[in-house]
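Participant: Fold the stuff below for me.
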Amino acid sequence: MTLGMLLVYIGIASLILTGLTAGVFGQRKNVLISLLQNFCGALFIFSGWVKAVDPLGTAYKMEQYFAEFEATFSETAISFIAPLFPWLENYVNTFSVVMIVLEIILGLALIMGANRKLTAWTFFAIVAFFTFLTGFTFLTGYVPEGVNFFQFGQWGPYVETNMKVTDCGCFGDFIKLEPRTSFLKDVFLLIPALLFLFMTKSMHKLANAGTRTGILAITTLGLVVYCFSNYVWDIPHADFRPFREGVNIYEKKQEEVEAQQNVEILAYEMTNKETGKVVEVPYEQYLKEYQKYPKEEWDLEQIKSEPAIEPTKISDFDISNLQGVSVTDEILTIPGYAYMIVAYDLKTKVTYGTATVQDTVMQVDSSMIEGAMVMDTTYSIETREVRTENYSWPEKYLSKWKERVVPVLEQAEADGAEVYVLTKYASSEQFTDFQEQIGAEDLPFYVGDDILLKTIVRSNPGIVLLNDGTIVKKWHYRKLPAYDKIKEKIAMKE
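Facilitator: The predicted structure follows:
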């Protein structure tokens, strides 16, 4: 679905709600304000719901923003606020749930006209905050690599790859919006936000105050439970991400890569570094006239055709073994059933120390005795200090593996299925120690980008069952059935 189609559906819903507001509830103070209340309310409810389905997705997006703000402010005169953002990351899941619930409740409050003054100010504050975020994201496209956001004099032409946060996550993974589109959407929402502030008394009210308060209270409680159910106790019940059940990862990746390779260069857009003049030249013409645009004087940007298939995170699926050799094709083309365990973070605290080790040093001396070469070998012991890594594993995290995951994997492997773990980059010593802790010394570990791993399944660890490279089922570790139950379901499908 596109943003345009979504707004059409939201518009139709708001017209119906406005008709009910006037016809059934008799609220006819200001039809335009009522329409805007219903439109903005429905938009916020939908936007909040698609994020409530996947609260961790919003939390991961917040982490990206926090990291970018830390890097940006650490190089300014107010660098003292930079440490605030790593601290905020510790509570990012809580912030995610609060923001999601607030967005939906605010949308419902607008439609009902509950606490009109408070609702109007809260709506304005939220929209202003979102406008700041999306505006920041969009404007970083003008900030070249190595330049701080606040060094305005060094901004250059807009380049999409300059942006560290590529989308605002306004609609979760349901709709991906370009930062420019997100920013313009929020600027537009400032109009009704300001109207609500100055025309609060013209906003309609449905039912009585007690009923409105009761509905909001019950809905808030229900939403909190719903959000928790989608990441604390289980994975999201609706999956808008590319790694959904039924997708063959290998085939999809090949299709996306091929589509990218078939993209054609249509033209070159060139910006004069001195004057800022922008010139667009068709590709064939540029090949003939490129001498007119030396790179010392012009910044060049390719204008390409749209790929036949839009790339997703599947295009970035790249997994290596502990020696750094890619095993992507190998694990995605495993015949039959395979259990992919995804753990983006092994939850360990690493402390460093030193240890004294002894080395035996051999020294060989030669001498001539009565015309013959005699070799004299001596041995000595030398000591040296080496750096050591010590790992502290939370027992609560280890129990997830020992009690729930490993028993299933052992039975699956004994039954002929392939099993392996994907996690983020770490030392081989850390993996060895973890294998010993969970009692699975032979369990193979592979490594990949943690953002990719978070996209595959919203659980740490999460279990993905593949059949000839196709995702059959995904489980939160809390919901992983006993192996005989899994085998029974597989047999029923076959």
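
Participant: Which residues does the host helix or strand of Q411 contact?
Facilitator: Using DSSP states H and E, Q411 sits within helix 406-414. For helix 406-414, the external contacting residues (CB atoms under 8 Å, 6 or more residues apart in numbering) are 337, 339, 341, 419, 438-440, 443, 463, 480, 482-483, 486. (Each C-beta comes from the backbone N, C-alpha and C, glycine too.)

Participant: Stretch 461-474: end-to-end distance?
Facilitator: End-to-end distance for stretch 461-474: 11 Å, by CA to CA, to the nearest Å.

Participant: Report the mean per-residue pLDDT for that stretch.
Facilitator: For stretch 461-474, mean pLDDT is 94.

Participant: And stretch 79-86, by the same measure?
Facilitator: pLDDT averaged over stretch 79-86 gives 87.

Participant: just stretch 213-227 next, same as before
Facilitator: The model assigns stretch 213-227 a mean pLDDT of 95.

Participant: Can you pull out the residues in contact with stretch 428-437?
Facilitator: With CB under 8 Å, 6+ apart as the criterion, stretch 428-437 contacts 322, 346, 348, 350, 389, 391, 393, 398, 423, 441-443, 445.

Participant: quick one on the thing from earlier: what's the farthest-apart pair in the contacts of helix 406-414?
Facilitator: Based on CB to CB, the longest span within the contacts of helix 406-414 runs between Y337 and G439 and measures 22.8 Å.

Participant: Filter the contacts of helix 406-414 down to just the buried residues.
Facilitator: Among the contacts of helix 406-414, those buried by neighbour count (16 or more other CB atoms under 10 Å) are Y337, Y339, I341, V419, I438, A440, L443, I463, L480, Y483, I486.

Participant: Among these, which ones are in helices?
Facilitator: Using DSSP state H, the members of the buried ones among the contacts of helix 406-414 that fall within helices are I438, Y483, I486.

Participant: So which of those is the closest to E68?
Facilitator: Nearest to E68 among these, with distances taken as CB to CB, is I438, at 35.1 Å.

Participant: Let me see the contact set for the closest one.
Facilitator: Listed by CB under 8 Å, 6+ apart, the contact partners of I438 are L398, W401, K402, V406.

Participant: Not counting its neighbours along the chain, what's nearest it?
Facilitator: Using CB to CB, 6 or more residues apart in numbering and skipping the chain neighbours, the partner closest in space to I438 is W401 (4.3 Å).

Participant: For that neighbour, grab the count of nearby residues.
Facilitator: A count of neighbours around W401, defined by other CB atoms under 10 Å, yields 24.

Participant: I'd like to know how far it sits from Q437.
Facilitator: According to CB to CB, to the nearest Å, W401 and Q437 sit 8 Å apart.

Participant: out of the contacts of I438, who's nearest G41?
Facilitator: Taking the contacts of I438 together and measuring to G41 by CB to CB, the closest member is W401, at 44.6 Å.

Participant: show me the contacts for that closest one.
Facilitator: Contacts for W401 (CB under 8 Å, 6+ apart) come out as I438, A440, P461.

Participant: go on, V472?
Facilitator: With the criterion set at CB under 8 Å, 6+ apart, V472 makes contact with E245, Y337, L465, L466, I490, K493.

Participant: same thing with P311?
Facilitator: P311 makes contact with E256, A259, Q260, according to CB under 8 Å, 6+ apart.

Participant: Dump the buried ones among the contacts of helix 406-414 to CSV, plus distance to K292.
Facilitator: Converted to CSV, those look like this (distance: CB to CB, whole Å):
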residue, distance to K292
Y337, 60
Y339, 59
I341, 57
V419, 60
I438, 64
A440, 64
L443, 61
I463, 59
L480, 64
Y483, 69
I486, 66
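
Participant: ok so, going back, pull the distance from the helix holding Q411 to the chain's centre.
Facilitator: Relative to its chain's centre, helix 406-414 lies at 30 Å (CA atoms, centre = their mean, to the nearest Å).

Participant: Only the buried residues of that helix, if you could.
Facilitator: Across helix 406-414, burial judged by 16+ other CB under 10 Å covers V406, V408, L409, E410, Q411, A412.

Participant: Over to stretch 242-261?
Facilitator: Residues P242, F243, V247, N248, I249, Y250, K252, K253, E255, E256, A259 are the ones in stretch 242-261 that count as buried (16+ other CB under 10 Å).

Participant: now for those residues, which pair is the farthest apart?
Facilitator: F243 and A259 (18.1 Å).

Participant: for the stretch 301-450 of the chain, which spans come out with low pLDDT?
Facilitator: Across the stretch 301-450 of the chain, residues meeting the criterion (pLDDT under 70) sit at 353-359, 361-362, 364-379, 385-388.

Participant: would you list every one of the strands in it?
Facilitator: Using DSSP state E, counting those that start in this stretch, the strands of the stretch 301-450 of the chain run over residues 337-343, 349-369, 372-392, 418-423, 445-447.

Participant: outside of the shortest one, which residues touch it?
Facilitator: Read that as strand 445-447. The contact list for strand 445-447 (CB under 8 Å, 6+ apart) reads 319-322, 327, 331, 420-426, 431, 435.

Participant: which one among the residues you listed gets closest to G210?
Facilitator: After measuring the contacts of strand 445-447 against G210 - CB to CB - the closest member comes out as K424, at 51.1 Å.
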